[in-house]
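> What follows is a protein structure lacking sequence information:
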């Protein structure tokens, strides 16, 4: 039974989803918060919002942690690099608050344009002063969107309803998407001087921190209004104060800040600023979606599914359709590594008629399998590449080769101090994984269960003596697969066993005349 620690409050429906899964769920209390690092050691998953900082030290304390679930989209409060090194999957809910953040962008934009907050404060103070609060319209104005992902595209769609011209900057924005969304793609240097309204929807990374600095803000169009419902830290707050005082900006609306919760209220209190305390996702509907989506992702991640929104998988999650081929790749990598005694120096994977989008995920899976004999549970899809680099394993970029044998063919070659192992496999149907070539021999078997792999001379009586040897030890052979090369006296055999032999039985097997080597591997799933 999994144990899940929920460190920040989430919607009760999400908590109930976690509990109904059979997991043991504990919601952190205020009294327990100072002891979070001590408590996390006993949990498999940690769920946070923005309040809890998931540092490298906290991750190190979580000896059992497999998953960190961020209830929301931003993960700047999670040390993703440290989680990756430890093989801890980081999942989030990237679409759950997209609609609420989009609507809050327009709430702030309209409040700023029509001076709603100033007028409200004036009226509440007992003053009727209509002439003072002259605003601007959105119609026919240019909206510059910085960051054109899910939320940026939603903002663009709604801006067209206000009859605005929309321009966008995003380093990953291609012309096809720009045309589809009816926006003009341009550089940041082109966007700022043209935009009457500027809105930010980019994640906070080392590349976007301080993206709108003093130099860039000074190039904005005179009288422009800035809205930030994205991430704090993307705008240099000291520089923003300076351009509000001296131009060219006429005002700003800010929902996110570089340091939260606020202790320095200078920007929020500025008369040209409309400020809210990071409430872009604070709608009943969004909170329900965030909680349920995060709970679903955490549970799927704990169960090993790839149908998740993962932040630190080294490949784009392609859902359950990729899982059978990835499992086949992992099994073959594990099998080949066992044949090399667990010592691997080079991994090469080749494909025939396998979707190119799956090449990298399958290669990672092969590497994970190749590292399993040495690391066991210490390696997973998250950290396989970093663990491979640490051990000096050379991973050759995936290649496409021609083959007339099978469609969806995956060929794996592992090198190590003990030589080289080649193995190839495919799927029969959608999920029936089969090895079809093993160490140069045409040999078909399922890569699952307790396997005994032998190299032997192709002489009469070897198989019978082997069966007698195992039978005398009370070990049942579930199935046996044999192959030989025409014109040669060497052969291979793969036996699936109901019980795993001990060292004494292995010695007896090696003593059978004609048996040259034997390896055991338990790939699981064979019962």
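Received the coordinates, thanks. On a predicted model such as this, the values are computed, not experimentally measured, just so you know. Numbering: from 1, shown residues only.

> So, low pLDDT: which residues of this structure?
Low-confidence segments of the chain (pLDDT under 70): 317-321, 404, 487, 526-527.

> Show me how the record splits it into domains.
3-96+286-302, 98-275, 316-448, 449-522 (automatic domain parsing).

> these two touch, right, residue 415 and residue 343?
No: taking contacts as C-beta atoms under 8 Å, residue 415 lies outside contact range of residue 343: 9.8 Å. C-beta: built from backbone N, CA, C; applies to glycine.

> which stretches of the stretch 201-350 of the chain form helices?
214-217, 237-246, 284-302, 323-339 (DSSP state H, counting those that start in this stretch).

> could the domains of the chain go into JSON lines alongside mean neighbour count and distance to residue 310?
Below are the domains of the chain laid out as JSON lines (neighbours: other C-beta atoms under 10 Å; distance: least, C-beta to C-beta, whole Å):
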{"stretch": "domain 3-96+286-302", "mean neighbour count": "20", "distance to residue 310": "5"}
{"stretch": "domain 98-275", "mean neighbour count": "18", "distance to residue 310": "15"}
{"stretch": "domain 316-448", "mean neighbour count": "19", "distance to residue 310": "5"}
{"stretch": "domain 449-522", "mean neighbour count": "16", "distance to residue 310": "28"}
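
> I'd like these laid out as a markdown table, including distance to residue 309.
A markdown table is the format used below for those (distance: least, C-beta to C-beta, whole Å):
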| stretch | distance to residue 309 |
| --- | --- |
| domain 3-96+286-302 | 6 |
| domain 98-275 | 11 |
| domain 316-448 | 7 |
| domain 449-522 | 32 |
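
> For residue 453, which three-state class applies?
The three-state label given to residue 453 by DSSP: H, G, I helix; E, B strand; the rest coil is strand.

> who are the neighbours in contact with the closest residue in space to it that isn't next to it in sequence?
Nearest residue to residue 453, sequence neighbours excluded (C-beta to C-beta, 6 or more residues apart in numbering): residue 519, at 4.7 Å. Residue 519 sits next to 338, 339, 452, 453, 454 when contact means C-beta atoms under 8 Å, 6 or more residues apart in numbering.

> ranges for the strands of the stretch 51-200 of the chain?
With strands called from DSSP state E, counting those that start in this stretch, the stretch 51-200 of the chain shows them at 67-70, 89-92, 142-146, 165-169, 184-185, 197-200.

> what's the closest of those to residue 134?
Among the strands of the stretch 51-200 of the chain, strand 197-200 comes nearest to residue 134, with 17.0 Å by C-beta to C-beta.

> now that closest one: how far from the chain's centre is it?
Relative to its parent chain, strand 197-200 has a centroid offset of 28 Å by C-alpha atoms, centre = their mean, to the nearest Å.

> Summarise which helices and strands that strand is packed against.
Applying 3 or more C-beta pairs under 8 Å, 6 or more residues apart in numbering; DSSP states H and E, one finds that strand 197-200 contacts helix 98-113, strand 142-146, strand 225-228.

> what sits up against that strand?
With C-beta under 8 Å, 6+ apart as the test, strand 197-200 has contacts from 105, 109, 113, 138, 141-147, 155, 164, 191-192, 211-212, 220, 224-231, 234-235.

> Next: stretch 425-434.
The contact list for stretch 425-434 (C-beta under 8 Å, 6+ apart) reads 324-325, 327-328, 331-332, 405-410, 412, 435-437, 444-448.

> first to last residue in it, what's the distance?
End-to-end span of stretch 425-434 (C-alpha to C-alpha, to the nearest Å): 5 Å.

> what residues are up against the residue nearest the centre of the chain?
The centre of the chain sits closest to residue 310, judged by C-alpha atoms, centre = their mean, with a distance of 2.4 Å. Neighbouring residues of residue 310 by C-beta under 8 Å, 6+ apart: 89, 90, 91, 301, 317.

> Next: residue 461.
513, 514 are the contacts of residue 461 under C-beta under 8 Å, 6+ apart.

> what does residue 332 give?
Contacts for residue 332 were tallied using C-beta under 8 Å, 6+ apart; they are 366, 369, 410, 412, 423, 424, 425, 435, 447.

> partner strands of the host helix or strand of the residue nearest to residue 453, parallel or antiparallel?
Here residue 519 is covered by strand 515-522, with elements defined by DSSP states H and E. Strand 515-522 pairs in its sheet with strand 450-457 (antiparallel), by DSSP bridges.

> Name the residues that touch the following helix or strand past the partner strand?
Per DSSP H and E, the first helix or strand lying C-terminal to strand 450-457 is helix 462-472. With C-beta under 8 Å, 6+ apart as the contact definition, helix 462-472 has outside contacts at 454, 456, 476-477, 480, 482, 491, 493, 495, 497, 501, 505, 508-509, 512-515.

> And for stretch 92-101?
Looking at stretch 92-101 with C-beta under 8 Å, 6+ apart, the contacting residues turn out to be 69-75, 150-151, 154, 201, 229, 280-283, 285-286, 289-290, 292-294, 297, 309, 311.

> do stretch 10-27 as well
Here stretch 10-27 has contacts from 1-6, 9, 39, 43, 45, 47, 49, 71, 287-288, 290-292, 294-296, 298-299, 302, using C-beta under 8 Å, 6+ apart.

> Now with 7 Å, please.
1-6, 47, 49, 71, 287-288, 291-292, 294-296, 299 (C-beta atoms under 7 Å, 6 or more residues apart in numbering).

> Also stretch 247-267?
With contact meaning C-beta under 7 Å, 6+ apart, stretch 247-267 is reached by 50, 104, 108-109, 111-112, 217-218, 220-233, 237, 240-241, 243-244, 268, 272-276, 278-280.

> could you say which helix or strand contains residue 513?
Residue 513 belongs to no helix or strand, assigned by DSSP H and E.

> which stretches of the stretch 1-150 of the chain form helices?
Taking DSSP H, counting those that start in this stretch as the test, the helices found in the stretch 1-150 of the chain are 12-20, 36-39, 56-61, 80-85, 98-113, 116-124, 150-161.

> May I see those helices organised as TSV, with distance to residue 349 added?
Shown next, in TSV, are the helices of the stretch 1-150 of the chain (distance: least, C-beta to C-beta, whole Å):
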stretch	distance to residue 349
helix 12-20	37
helix 36-39	40
helix 56-61	30
helix 80-85	22
helix 98-113	36
helix 116-124	59
helix 150-161	33
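
> Relative to residue 392, which of those helices is closest?
For these, proximity to residue 392 was assessed by C-beta to C-beta; helix 80-85 is nearest, at 16.6 Å.

> what packs against that closest one?
helix 56-61 (3 or more C-beta pairs under 7 Å, 6 or more residues apart in numbering; DSSP states H and E).

> Remind me what the helix it packs on packs against, helices and strands.
Going by 3+ C-beta pairs under 7 Å, 6+ apart, helix 56-61 lies up against helix 36-39, helix 80-85.

> Need the residues that contact it.
36, 37, 40, 41, 65, 79, 82, 83, 86, 88.

> For the second one, give me its contacts.
For residue 37, the contacting residues are 57, 58, 61, taking C-beta under 7 Å, 6+ apart as the criterion.

> mind redoing it with 6 Å?
By C-beta atoms under 6 Å, 6 or more residues apart in numbering, the contact set of residue 37 is 58, 61.

> Would you mind measuring from it to residue 88?
15 Å (C-beta to C-beta, to the nearest Å).

> One more: the third one?
The span separating residue 40 from residue 88 equals 11 Å under the rule C-beta to C-beta.

> Repeat that for the fourth one.
Residue 41 sits 13 Å away from residue 88, taking C-beta to C-beta as the criterion.

> try the first one
With distances defined as C-beta to C-beta, the gap from residue 36 to residue 88 amounts to 16 Å.

> do residue 232 as well
Distance of residue 232 to residue 88, given as C-beta to C-beta: 25 Å.

> again with residue 33
Between residue 33 and residue 88 the distance is 21 Å, computed by C-beta to C-beta.

> contacting residues for residue 493?
Contacts of residue 493 (C-beta under 6 Å, 6+ apart): 454, 482.
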